[in-house]
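Asks: sharing a model prediction with you, sequence too.
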Amino acid sequence: MRIGMDGHPLMGQRTGIGRYQLNLLDHLIADPAGAVEAIDLLVPLGWRSHGRQRAELAAFVRNRFPSGHIRTRGIGMPSQLLQLLWRATSHPCVDGWLPGIEVFHGVNFWLPPLHRARGVITVHDLGFLALPELHTPAQRAIHGKLGRSLGRCARVIAVSENTRRDFLRHYSYPAERVRVIPLAADPGFRPIQDPAVLAQARERFRLPPSFILSVCTLEPRKNLIALVRAFHHALSRLPSDSKLVLAGGSSWGTDQLRATLRELRLDSRVILTGYLSDIDLVVLYNLASCFVYPSRYEGFGLPVLEAMACGTPVICSNASSLPEVTADAAVQVPPDDVVGLSESIRSFVNDRARRAEFAARGVTRAAQFSWSRTASETLAVYRDSARESASAA
């Protein structure tokens, strides 16, 4: 089967969508049946950096996928202009750029015009509709991008049941064509047994024996100000050197977070690491006393699953998809309940047996998700779409 795919999240500082695409590609080409003949990545490139971007992307693909199953097809114009052209006219359609493909998978909410190929879209998160006030205009614009693409979409993949329900609530689309395919933690997220590795990382990051961790882009939807206030409320009953570590790149609203740290005089007790590599994240998950994720809305909540896979006890909000993902393997707290969040943090930090219990639950729960399953079920969606195309012809 020849597959086309939207390829631009692959490079740079990858968050949820980039992780999704890379793991999906890894496992699609590793399929023992060899059903995937080739995957062509369609990547809009800017004029000024066209040559550099194309060279970097080609090198990345060669190193990551040496089998040659995956190829890049860069389009030499700014992506915004490209999308405007695609919306304004049916030419050029993706079949002209990637001849012979049977299915085009839009992994990032949208599809280009298609002639013969069938379209599949993955919907990751509908927070821009559920909580528009916590999203930027650019984030809210995804609503229009997704809506315009659905007319040329044969199937929709939702990453959770909650996302499927929200999608069908907001968009007029046949329910039988929306399939839930959950994500998984990368296999590299696992308990670390070597104490020397952990000790070196603790020294490098200057971490105390007890710290609370959260991993996310620092934006209002993640509800980090509530976490900071909960940490402040719990401090008097935590070990004296306890710290809160917020790992993730800055985004809009980070200034408000920093202002709250100054207001509560927590600058010396809260560590903002910035964006971290997966190698560093795995070690931090393993070292943390607990992982806290009070997000107001998630399409799936991949960091929660990563933490559980590493054997880190988890506290998360009881909102959107998080109860679905964690089941009984995490403590769930309403996102606005700062006192409840504080009590949960205190309980985990001060109770070794409770940490061990939820660590074991988390590892068991995380093992129920796998990228092999995600890829296999996604391939089934491709096949259903391709068969529909063939019967229509």
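Replies: That came in fine, so what should we check first? Residues are numbered from 1 along each chain as shown.

Asks: as a check, name the ranges of all strands in the stretch 101-250 of the chain.
Replies: Using DSSP state E, counting those that start in this stretch, the strands of the stretch 101-250 of the chain run over 103-106, 118-123, 155-158, 178-180, 211-215, 243-247.

Asks: highest average neighbour count across those?
Replies: With neighbours taken as mean count of other Cβ atoms under 10 Å, the strands of the stretch 101-250 of the chain reach their highest mean count in strand 103-106, at a mean of 27. C-betas here are computed from N, CA, C, even on glycine.

Asks: any chance of the strands of the stretch 101-250 of the chain in CSV, with distance to T15 too?
Replies: Formatted as CSV, the strands of the stretch 101-250 of the chain follow (distance: least, Cβ to Cβ, whole Å):
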stretch, distance to T15
strand 103-106, 17
strand 118-123, 14
strand 155-158, 18
strand 178-180, 21
strand 211-215, 10
strand 243-247, 12
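
Asks: and N318, which of these is closest to it?
Replies: Relative to N318, the nearest member of those by Cβ to Cβ is strand 211-215, separated by 16.5 Å.

Asks: run through who's touching the closest one.
Replies: Contact partners of strand 211-215, identified using Cβ atoms under 8 Å, 6 or more residues apart in numbering, comprise 222, 224, 227, 231, 242-248, 271, 281, 284-285, 287-294, 303, 306-307, 312, 345, 349.

Asks: quick one: the strands of the stretch 101-250 of the chain as CSV, columns for distance to H143 and mean pLDDT too.
Replies: What follows is these, written out as CSV (distance: least, Cβ to Cβ, whole Å; pLDDT from 0 to 100):
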stretch, distance to H143, mean pLDDT
strand 103-106, 15, 94
strand 118-123, 11, 95
strand 155-158, 15, 97
strand 178-180, 17, 98
strand 211-215, 27, 97
strand 243-247, 29, 96
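
Asks: what's the closest of those strands to D328?
Replies: Judged by Cβ to Cβ, the one of the strands of the stretch 101-250 of the chain that comes nearest to D328 is strand 178-180, at 20.1 Å.

Asks: adjacent strands (with direction) for that closest one?
Replies: Sheet partners assigned to strand 178-180 using DSSP bridges are listed as strand 155-158 (parallel).

Asks: report the distance from the strand it pairs with to the chain centre.
Replies: Here strand 155-158 is found 16 Å from its chain centre; the criterion is Cα atoms, centre = their mean, to the nearest Å.

Asks: what of stretch 68-75?
Replies: The answer for stretch 68-75 is 23 Å, by Cα atoms, centre = their mean.

Asks: how about the CA coordinates for it, as CSV?
Replies: Listed next in CSV are the C-alpha coordinates belonging to stretch 68-75 (Å, rounded to 0.1, in the frame of the first residue of the first chain):
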residue,chain,number,x,y,z
GLY,A,68,14.1,3.5,2.5
HIS,A,69,10.4,2.9,3.0
ILE,A,70,9.8,6.6,3.9
ARG,A,71,10.6,9.4,1.5
THR,A,72,10.2,13.2,1.8
ARG,A,73,8.5,15.4,-0.7
GLY,A,74,9.1,19.0,0.1
ILE,A,75,7.0,21.8,-1.3
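
Asks: now it: average pLDDT?
Replies: In this model, stretch 68-75 has a mean pLDDT of 78.

Asks: what do you get for stretch 201-210?
Replies: 92.

Asks: which strands or helices does the lengthiest helix in the chain pack on?
Replies: The residue-count maximum for a helix in the chain (DSSP state H) belongs to helix 371-392. Judged by 3 or more Cβ pairs under 8 Å, 6 or more residues apart in numbering; DSSP states H and E, helix 371-392 is in contact with helix 16-29, strand 103-106, strand 118-123, strand 155-158.

Asks: which of the strands of the stretch 101-250 of the chain sits closest to P323?
Replies: Here strand 178-180 is closest among the strands of the stretch 101-250 of the chain (Cβ to Cβ), at 15.0 Å.

Asks: contacts for the longest helix of the chain, please.
Replies: 1, 3, 23-24, 26-28, 30-31, 35-36, 102-103, 105, 116-120, 154-155, 157, 179, 181-184, 186-187.

Asks: helix 16-29 and that helix, what's the angle between them?
Replies: Counting by axes from the mean of the first three to the mean of the last three Cα atoms, to 10 degrees, helix 371-392 lies at 80 degrees to helix 16-29.

Asks: quick revisit: of all the strands of the stretch 101-250 of the chain, which one is nearest V325?
Replies: Of all those, strand 178-180 comes closest under Cβ to Cβ, at 11.9 Å.

Asks: now the helices and strands packed on helix 371-392 as CSV including distance to A353?
Replies: Converted to CSV, those look like this (distance: least, Cβ to Cβ, whole Å):
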stretch, distance to A353
helix 16-29, 33
strand 103-106, 46
strand 118-123, 40
strand 155-158, 38
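
Asks: count residues in the vicinity of L341, would you?
Replies: Using other Cβ atoms under 10 Å, L341 has 27 other residues around it.

Asks: give me the domain ranges for this structure.
Replies: Recorded structural domains for the chain (assignment: automatic domain parsing) are 2-184+371-392, 195-366.

Asks: what's the least confident stretch among those?
Replies: Of all those, the minimum mean pLDDT falls on domain 2-184+371-392 (a mean of 82).
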